[in-house]
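Generate a structure from the sequence data that follows.
(2 chains)
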Number of protein chains: 2
Amino acid sequence: MKVLVTGGLGFIGSHTVVELQNEGFEVVIIDDLSNSSVDVLEGITAITGKEPVFEQIDLREKASVQEFFKKYADVSGVIHFAASKAVGESVENPLLYYENNLGTLVYLLQELQKKDKAHFIFSSSCTVYGQAEKMPITEDAPIQQAMSPYGNTKQIGEEIITDTAKVTNINAILLRYFNPVGSHESAEIGELPKGTPQNLVPFITQTAIGLREQLSVFGDDYPTADGTCIRDYIHVVDLAKAHVKALKRLIDNKNESNVETFNLGTGKGNSVLEVINTFEKVSGEKLNYKIAPRREGDITEAYADTTKANDVLGWKAELTIEDALASAWKWEKKVRGKE
Amino acid sequence: MKVLVTGGLGFIGSHTVVELQNEGFEVVIIDDLSNSSVDVLEGITAITGKEPVFEQIDLREKASVQEFFKKYADVSGVIHFAASKAVGESVENPLLYYENNLGTLVYLLQELQKKDKAHFIFSSSCTVYGQAEKMPITEDAPIQQAMSPYGNTKQIGEEIITDTAKVTNINAILLRYFNPVGSHESAEIGELPKGTPQNLVPFITQTAIGLREQLSVFGDDYPTADGTCIRDYIHVVDLAKAHVKALKRLIDNKNESNVETFNLGTGKGNSVLEVINTFEKVSGEKLNYKIAPRREGDITEAYADTTKANDVLGWKAELTIEDALASAWKWEKKVRGKE
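This is a model prediction of the structure:
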């Protein structure tokens, strides 16, 4: 079966393409290369032995989306990663986010709703829960007022899909990611942010390799055991596998409603200092870090209740935070030629 | 000063163009004629003695929006009416609403944020309050989960504007309309829905004139005095005048924040049966109506606290429900050649 993966050259997208190809799916990638590199195709090919079809398309152009679905009339399954994802940038340029993240979604769904049956998997985020009252977070925790345009586009995206699935032949699964980290064990693909990393792990590995002078830990006065924020760090390879499970569920018509929602995390929380200490242990490197003031918009803690994904999707995170940090470090060293 | 009025040939848009021209503004109208007629230009010209500039543009086409602002580089004030507005249709075709109502908004704001200073007035709706707990409804009543994609686009529109105004030179006023009814006293312009009317008053006048056999009153078992729903019916000419006040407030730099929100209503609620009785009184016609089951999504009652608009905008509804229904009837008769 042929599957479209938008943003398929990005971090989570590329790892998902690998798992899809490993499971025998034919993959077509759309990517606009705005935050990724065409070289990722080589990495995917090196791992899987097969080069996926690639189309460089800007999904904000409705005509291009329409043309794509004319050319690939047999695509009825879409995993939609393509989106802008920097919280801070979204505050500074909200229209960029509303256009990139909502316009593209609408155009894709408009084409899919013309089909007799279509499957749609959406990259949502635990950000929709804001600071949840209860840990771990279940899927029925209340959605909170978004704290950034980025977060708002994830909430609105879920609403657009839900409204559409109700009245069309599109069946959808919304996957709420916690904090994806790590790289494929081969170090052929991995996370490669353009500019200053917005996330902890690439900042750690870039500091360890000497690209950044110092890592800032934003706040050590949170009401947690060591005072730093707690997140649920999920290995990107585990995350990628969940997408394959979700897609198969839709293809096999096992879904119980037009739209299903799953948290994807490990179920365990780790503090920033724990991540740093674990990184130092698995890498043997000493990290230069300092405690800095809290960063606006950061919540204290978030980790997933993964019972629903475990029971319904038959999926469970299998890799550890040690695995994730070791793989991220292996990737960083390879990228910088220090392997 | 030159003002762009999008949807300026529609019901509220055309009445606002009249009031703007009466106050000396130069108006450029954009309308795609999807739910209006180019003949409205004649009505506006008959009333004001001046034909506004008209551009037939589909605002969903980004390139067209960009071209417009190149051609009319001196437009820095926009009153944005253009939108799809049928609740039921939005449930059946949500993507149409998300594209029409959000895409167009994003493209307009993208052009305005390039300017040193820009004024933006947005057609929002009391639908954002859902069934409010307290009557009358003040602007700080909580926003409720939208009951339709239409309602959701109004909420999201407010969010997009608010996020954008925070970080740009755009100052915005969000106007939350209650139930606009009536027509200009000249009967040169008025409400002319395509297809079956979705709103009470045009359905009343079309029934009275013989276009519809019978009017359905949806539910007489609501917890109100006569059992029918209560709404705040605001004369469209009063509503139009509020837009001029809002625009002047922005031009005169009197706004106290980047985004201000005002309820626009009369402050009084009328039940469906009261509206019917009042119509029969002012028209001298007997209406054929029946009680039908409740309609899904209808709330019991909504009427505005207009204190903020009264005090801050210096605006107050001056026309009555009798005025509104008499003008709507005069318009209906004229349109059907029965004057």
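
Mind giving me the packing neighbours of the helix or strand bottoming out on mean pLDDT in chain A?
None of the helices or strands of chain A scores lower by mean pLDDT, DSSP states H and E than helix A:87-92, at a mean of 94. Using 3 or more C-beta pairs under 8 Å, 6 or more residues apart in numbering or on different chains; DSSP states H and E, the elements in contact with helix A:87-92 are helix A:94-98, helix A:149-167, helix B:149-167. Any C-beta I mention is one placed from the backbone N, CA and C, and that applies to glycine too.

which stretch among the ones you listed comes nearest A:V236?
When the helices and strands packed on helix A:87-92 are ranked by distance to A:V236, counting by C-beta to C-beta, first place goes to helix A:149-167 at 18.2 Å.

mind listing what's buried in whichever helix or strand A:E332 is part of?
Secondary structure from DSSP states H and E places A:E332 in helix A:321-335. By 16 or more other C-beta atoms under 10 Å in any protein chain shown, the buried positions in helix A:321-335 come out as A:321, A:323-333, A:335.

Flag the shaky bits of the stretch 1-150 of chain A, pLDDT-wise.
By pLDDT under 70, the stretch 1-150 of chain A contains no weakly predicted segment.

near chain B, which residues of it?
Of all the residues in the stretch 1-150 of chain A, those in contact range of chain B (C-beta under 8 Å from any C-beta of the partner chain) are A:91-95, A:98-99, A:102-103, A:106, A:109-110, A:113, A:149.

Narrow those to just the buried residues.
With neighbours counted using 16+ other C-beta under 10 Å, the residues of the stretch 1-150 of chain A next to chain B contain these buried positions: A:91, A:93-95, A:98-99, A:102-103, A:106, A:109-110, A:113, A:149.

Farthest pair within these?
A:V91 and A:Q113 (32.4 Å).

Need the distance between the two termini of stretch A:129-138.
Counting by C-alpha to C-alpha, to the nearest Å, the length from the leading to the trailing residue of stretch A:129-138 is 10 Å.

so how far is A:Y177 from A:D238?
When C-beta to C-beta, to the nearest Å is applied, the distance between A:D238 and A:Y177 equals 11 Å.

Phi first, then psi, for the nearest residue to A:M147 once chain neighbours are set aside.
Taking C-beta to C-beta, 6 or more residues apart in numbering or on different chains as the measure, A:M147 lies nearest to A:G297, with 4.9 Å between them; neighbours along the chain are not counted. Backbone torsions for A:G297, taken as degrees, to the nearest 10, come to phi 90, psi -10.

repeat for A:V53
For A:V53, the backbone dihedrals (degrees, to the nearest 10) come out as phi -70, psi 140.

With adjacent residues omitted, what lies nearest to it?
Beyond its immediate neighbours in the sequence, the residue positioned closest to A:V53 (C-beta to C-beta, 6+ apart) is A:V28, lying 4.4 Å away.

Repeat that for A:R294.
A:G219 (3.6 Å).

Just confirm the one you found contacts A:G297, I think it does.
No: the pair A:G219 and A:G297 does not pass the contact test of C-beta atoms under 8 Å, sitting 11.7 Å apart.

So which of those two has more stuff around it?
Each of A:G219 and A:G297 has its neighbours counted (other C-beta atoms under 10 Å in any protein chain shown); A:G219 has more, 18 against 13.

what separates the more buried one from A:S271, distance-wise?
Look at A:G219 and A:S271: by C-beta to C-beta, they are 11 Å apart.
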